[in-house]
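>>> Requesting a structural model of the entry that follows:
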Amino acid sequence: MKKILILTLIAGLFTGINASAQQDKSKRPSPPAKVSETIASGATVSIDYSQPSVNGRTIGKEIAPYGEVWRTGANEATVFETNKDVKIEGKTLAAGKYSLYSVPGADKWTIIFNKTWKQWGTDYNKADDALRVDVKPSKATANTEKMTFNIAKNGKVSLMWGDTAVGFQVK
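Residues are numbered from 1 along each chain as shown. This is a model prediction of the structure:
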């Protein structure tokens, strides 16, 4: 009986250690990141995402293929959150949490705010879109290996990745 109890405790210990290691998202190849800013309008905007690396691949081909819905990050869906109603590129988005998707393109990126925010990044359903806006990408001033979001006080949200910069205005 003692042997069974000891073996059960040891198995439980190893299971707990393994589960803890699996939960450490910072060890992933695409580590988590979060950016948050209170913009000029008074709204607090946050983006919680995972940072895929370019890793020698071409954006628009091997990663984030042009013309296809992309999770705009890695792992779980990227979460865009605002505590107040905002205007994104002049269109209203209600306060709340949204998953952030995009349709990359050479001349246009469509930024998608989807109502289903707590999901794996590849579980996209167009019927749940709350808002779509089109923006023009540009060449970045510097190469960024890991995809990075920035939010400026004036509400400009920038996605920097490889030699690509994609921005949209939040007011």
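>>> roughly how far apart are Thr141 and Lys171?
Applying CB to CB, to the nearest Å, the value for Thr141 to Lys171 is 24 Å. All C-beta atoms are positioned from the backbone trio N, CA, C, and that covers glycine.
>>> Between these two, which is the more surrounded one?
Neighbour count, other CB atoms under 10 Å: between Thr141 and Lys171, Lys171 has more, with 14 against 9.
>>> before we move on, which element is the closest residue in space to that one that isn't next to it in sequence in?
Distances taken as CB to CB, 6 or more residues apart in numbering place Lys87 nearest to Lys171, at 4.7 Å, with adjacent residues excluded. Taking DSSP states H and E as the criterion, Lys87 maps to strand 86-88.
>>> re the thing from before, the residue nearest to Lys171: neighbour count?
Residues within reach of Lys87, counting by other CB under 10 Å, total 14.
>>> Could you do Thr110 as well?
15.
>>> Return the list of strands paired to the host helix or strand of it, each annotated with direction.
Per DSSP H and E, Thr110 falls inside strand 109-114. Strand pairing for strand 109-114, determined by DSSP bridges: strand 96-103 (antiparallel), strand 129-135 (antiparallel).
>>> want to throw those into a markdown table with mean neighbour count and mean pLDDT?
What follows is the strands paired with strand 109-114, written out as a markdown table (neighbours: other CB atoms under 10 Å; pLDDT from 0 to 100):
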| stretch | mean neighbour count | mean pLDDT |
| --- | --- | --- |
| strand 96-103 | 21 | 98 |
| strand 129-135 | 16 | 98 |
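>>> Tell me which of those strands approaches Asp123 most closely.
With CB to CB as the criterion, Asp123 lies closest to strand 96-103 of the strands paired with strand 109-114, at 8.7 Å.
>>> and that closest one, how far out from the chain's middle?
On the basis of CA atoms, centre = their mean, to the nearest Å, strand 96-103 sits 8 Å off its chain's mean C-alpha point.
>>> and what of stretch 55-68?
The chain centroid and the centroid of stretch 55-68 are separated by 16 Å, computed with CA atoms, centre = their mean.
>>> for that stretch, what is the average pLDDT?
In this model, stretch 55-68 has a mean pLDDT of 96.
>>> Output the lowest mean pLDDT helix or strand found in this protein.
helix 2-23 (a mean of 48; mean pLDDT, DSSP states H and E).
>>> Check which helices and strands the following helix or strand past it sits against.
Proceeding N to C from helix 2-23, the next assigned helix or strand is strand 32-38, under DSSP H and E. If contacts are counted by 3 or more CB pairs under 8 Å, 6 or more residues apart in numbering; DSSP states H and E, strand 32-38 sits against strand 44-50, strand 138-151.
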